[in-house]
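Enquirer: Fold the following, please.
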Amino acid sequence: MLKRVRLRAPSLPTAISLLALAIVLTGTAFAATGQIVNIADPSNSAHVAKVDANGALRTSFTPAVPFAGSTTLTANSLAQITAPTTATVAFTRFLASNLADSSLHSAFQISIYEFGGKNGVCNGSSRWLASYDVSPSDTVVDALATPMVLQPLSGYPQWCLEAIATLSDNPGSYYLPHFAWNGYVVSGTFSGASAAPAPPASGEAAAKHVG
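Expert: Presented below is the predicted three-dimensional model:
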């Protein structure tokens, strides 16, 4: 008497192996189009990896480009610290230093804003981003766990980062505060550097004494 043989569905590894074998046996034209091997980022459908016509694996996005910039702020004066841009940018770190040499000098509040711009001029609508209270001889570092992403405000093709350092009192002597930033470019072109000269390589220690 013949025994009845029960067929089972192939396991997942076996199924993947059979699919790969089928691709090989049907030739390279189908695989080269990338129709089977497309890999999409579930968090951003614009990010796709696929095999090109030459059989090489390609991605549809450019790796992030890091940048850094710094400047010395004039007391009580709003200053544009990045050039007008259309780029989308992610800031990952802000640093504010009040390099006064004693408690007799003034504390500062440093606030940063995004301004809308066009034709290379940022004088449109604005929005507040952050403020930092910096005591004499103190440095505040804001390492952003979630990057702050900026892009043009509604109704404006460009944007700028601007900052103001407000004196907390009216001292006879103080140091102009130092402000620095780091981040990466998400899309577009962004220099990230301020118009002011960069500080020495030792970093966060350049300031000008007033009074």
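
Enquirer: tell me which residues of the helix or strand containing residue 142 are tucked away?
Expert: Per DSSP states H and E, residue 142 falls inside strand 138-150. Using 16 or more other Cβ atoms under 10 Å as the test for burial, strand 138-150 gives 139-140, 148, 150. C-beta coordinates here come from the backbone N, C-alpha and C atoms, glycine included.

Enquirer: Checking my notes, residue 153 in a helix, right?
Expert: No - counting by DSSP: H, G, I helix; E, B strand; the rest coil, one finds residue 153 to be coil, located in no helix.

Enquirer: Could I get the contacting residues of it?
Expert: By Cβ atoms under 8 Å, 6 or more residues apart in numbering, the residues touching residue 153 are 114-116, 124-125, 127, 159.

Enquirer: Same question for residue 120.
Expert: 84, 158 are the contacts of residue 120 under Cβ under 8 Å, 6+ apart.

Enquirer: before we move on, back to that, quick check: strands, which of the contacts of residue 153 are part of them?
Expert: 114-116, 127, 159 (DSSP state E).

Enquirer: so which of those residues would you say is closest to residue 189?
Expert: Set against residue 189, the nearest of the ones in strands among the contacts of residue 153 by Cβ to Cβ is residue 159 (13.3 Å).

Enquirer: Would you mind measuring from that closest one to residue 107?
Expert: 29 Å (Cβ to Cβ, to the nearest Å).

Enquirer: Equivalent analysis for residue 77, please.
Expert: 17 Å.

Enquirer: So for these two, which residue has more residues nearby?
Expert: residue 107 (19 against 10; other Cβ atoms under 10 Å).

Enquirer: Test my guess that the more buried one contacts residue 132.
Expert: No - between residue 107 and residue 132 there is no contact under Cβ atoms under 8 Å: 10.8 Å.

Enquirer: Can you tell me which helix or strand of this protein has the lowest average pLDDT?
Expert: When each helix and strand of the chain is scored by mean pLDDT, DSSP states H and E, helix 29-32 comes last, with a mean of 44.

Enquirer: tell me the domain ranges of the chain?
Expert: 12-59, 65-210 (automatic domain parsing).

Enquirer: With that, I have no additional questions.
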